[in-house]
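J.: the sequence and its predicted three-dimensional model are supplied below.
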Amino acid sequence: MRMSIPYFTSTGDNFDLIRAANSVIGLSCRGVSPIGRLCRKIISIGQRILNWIVYILGCADGTLYTGITNDLDRRISEHEAGRGAKFTRGRGPFQLVYHEICESRGPASKREIEIKLLNREQKLRLISKDQ
């Protein structure tokens, strides 16, 4: 499931942030919604929603690397600097060839495993469908 939630900032009451997030996905503000619990967590981590991203990098040697992150720019920088996954060390520069946004880490991890189980030809088909 692909899901894109915008970033929110709040200068007022936290309830306003929860109400705004609920309105994005169509939930009412009565009771404690799943997005309400998520928003409380967001407030404690700097007032932004962290979507998990499954990504595929094309390496300079032609190989493909699949991973997950909640900050794609930071993670690609880590790969470029040699601080990313062991597989990518010495295989740069990298090109982001595919990504999917997931609602949380669990679905992102499951999707990562699904993609890693694909053979190279299937991964290339997945990449070409996205473009």
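T.: Great, that's in hand. In this text, all values refer to a predicted model and were calculated from it rather than measured experimentally.
J.: where along this structure do the helices fall?
T.: For the chain, helices defined by DSSP state H occupy the ranges 14-25, 34-44, 72-80, 105-116, 120-130.
J.: mean pLDDT lowest for which of these?
T.: Among the helices of the chain, helix 34-44 carries the lowest mean pLDDT, a mean of 46.
J.: what is the closest residue to Q95 other than its chain neighbours paired to in the beta sheet?
T.: Nearest in space to Q95, with sequence neighbours left out and distances taken as C-beta to C-beta, 6 or more residues apart in numbering, is G58 at 4.4 Å. All C-beta atoms are positioned from the backbone trio N, CA, C, and that covers glycine. In this entry, G58 is beta-bridged to L64, Q95, by DSSP bridges.
J.: wait, G58 sits on H79?
T.: No - using C-beta atoms under 8 Å as the test, G58 is too far from H79 to be in contact (11.5 Å).
J.: find the residues that touch each one of those two.
T.: Residues touching both G58 and H79 comprise F94, with contact defined as C-beta atoms under 8 Å, 6 or more residues apart in numbering.
J.: what about those two, which has more around it?
T.: When neighbours are counted by other C-beta atoms under 10 Å, G58 and H79 differ, and H79 comes out ahead with 22 against 18.
J.: quick one: contacts for that one?
T.: 57, 65, 85, 88, 92, 94.
J.: give me the buried subset of the residues you listed.
T.: 57, 65, 88, 92, 94 (16 or more other C-beta atoms under 10 Å).
J.: so who does the third one touch?
T.: Translated: T88. Contacts of T88 were listed using C-beta under 8 Å, 6+ apart, and they are 57, 59, 65, 79, 94.
J.: return the member of those residues nearest to K116.
T.: Nearest to K116 among the contacts of T88, counting by C-beta to C-beta, is Y65 at 9.7 Å.
J.: gap between the closest one and S104?
T.: Y65 sits 22 Å away from S104, taking C-beta to C-beta, to the nearest Å as the criterion.
J.: residues of stretch 82-90 that come out buried?
T.: Within stretch 82-90, the residues that count as buried by 16+ other C-beta under 10 Å are 84, 88.
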